[in-house]
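> quick one: sequence and predicted model below, then my questions.
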Amino acid sequence: MASYRPYVILSAAASLDGKIATKSGDSRFSSGKDKTRVYRLRATVDAILVGKNTVKRDDPILTVHQVKGKNPIRIILDSRATISTKSRIIKTCNKIPTIIAVSKKASNKNLEKLRKFPLKIIVSGNNIVNIKKLLKTLWKLKIRKILVEGGGTVNWEFVKQNLFDEIIVTITPFLVGGKDAVSIIEGKGFSQITKSRKLKLEKILHLENEAILYYAKSK
Ligand SMILES: NC(=O)c1ccc[n+]([C@@H]2O[C@H](COP(=O)([O-])OP(=O)(O)OC[C@H]3O[C@@H](n4cnc5c(N)ncnc54)[C@H](OP(=O)(O)O)[C@@H]3O)[C@@H](O)[C@H]2O)c1
């Protein structure tokens with residue numbers, strides 16, 4: 001683990017063809033058992049991080065739900081501070097610690113709206129949130145382990161910048177297709193396999209009709 005940043009685990013539930021949502025944004029791929037596994041995993045990390053589109057689309061609460069354990073801090077990447085104050089993340093920020101990571105593009109109007117809530121705003125980067133800088137700040141806040149739960153655009157930034165340590169993907173028994181359906185990793189992508197990230201398969205968990213793949217970065 002790099003000493004300047006938290007340990008980063010990417011996590012996703014995908015269709016057999018690598019999509020994490022259908023073309024209309026339906027992302028409910030996981031079985032109940034797999035969801036419980038994810039809740040348990042959440043209870044072992046200091047923070048969960050997702051992108052703005054995931055909040056907009058799924059309105060997640062990002063807690064450990066019925067599993068015993070502490071709710072991790074929720075971190076939302078939202079350059080322009082546009083998160084809806086009606087989202088479940090904002091509505092519950094008085095009970096669960098919440099960080100909104102914005103960039104210098106966030107308007108004062110949007111920031112003022114968020115400052116009315118008991119949450120922490122971290123400004124990092126000029127355009128989109130600078131995740132390298134953000135991770136350094138989170139490290140200083142004693143956040144040592146983060147679960148990145150997407151979506152594909154956020155996952156790509158962590159992969160592109162090599163700012164992750166492992167990836168856990170649940171392969172679910174659905175074939176959804178669709179060139180506009182979001183994949184595990186979005187963004188521009190690598191043009192050559194030799195330049196892409198090569199991982200090492202550490203473990204496979206067979207959960208009824210799902211396979212959970214645990215890959216770590218090759219050392
Ligand atoms: N099945 C699963 O496991 C799973 C998990 C999560 C999400 N999903 C699905 O994924 C879909 C959303 O994925 P998505 O790719 O459209 O969006 P996303 O990754 O959730 O959010 C991307 C947005 O985050 C903001 N952002 C700020 N700083 C960033 C940075 N440094 N790097 C990347 N993004 C940054 C950007 O908007 P601004 O610049 O405007 O801030 C960007 O457009 C939804 O349909 C959701 O249901 C599925």
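On my side now, so go ahead.
> up against the ligand, what does the protein have?
Counting by Cβ under 6 Å from any ligand atom, the chain comes close to the ligand at 12-13, 20-21, 25, 27, 29, 50-54, 57-58, 77-80, 128-129, 131, 149-154, 157, 182, 186. In this view, the C-beta of every residue, glycine as well, is placed from N, C-alpha and C.
> mind doing that once more with 5 Å?
12-13, 20-21, 25, 27, 51-54, 57-58, 77-79, 128-129, 131, 150-154, 157, 182, 186 (Cβ under 5 Å from any ligand atom).
> buried sites along the host helix or strand of Ile89?
Using DSSP states H and E, Ile89 falls within helix 88-91. Residues Arg88, Ile89, Ile90 are the ones in helix 88-91 that count as buried (16 or more other Cβ atoms under 10 Å).
> using JSON lines, lay out these together with pLDDT and distance to Ile73.
As requested, the buried residues of helix 88-91 are exported to JSON lines (pLDDT from 0 to 100; distance: Cβ to Cβ, whole Å):
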{"residue": "Arg88", "pLDDT": "98", "distance to Ile73": "15"}
{"residue": "Ile89", "pLDDT": "98", "distance to Ile73": "11"}
{"residue": "Ile90", "pLDDT": "98", "distance to Ile73": "14"}
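> which one of those residues sits closest to the ligand?
Nearest to the ligand, judged by Cβ to the nearest ligand atom, of these is Ile89 at 12.5 Å.
> do I have it right that the closest one meets Lys56?
No: in this structure, Ile89 is not within contact of Lys56 by Cβ atoms under 8 Å, at 10.5 Å.
> what is in contact with these two at once?
Counting by Cβ atoms under 8 Å, 6 or more residues apart in numbering, the residues touching both Ile89 and Lys56 are Ile83.
> which residues are contacting stretch 9-24?
27, 29-30, 34, 38, 41, 45, 57, 145-152, 155, 158-159, 164-178, 180-184.
> how about 6 Å then?
27, 29-30, 147-150, 155, 164, 166-170, 172, 174-176, 178, 180-184 (Cβ atoms under 6 Å, 6 or more residues apart in numbering).
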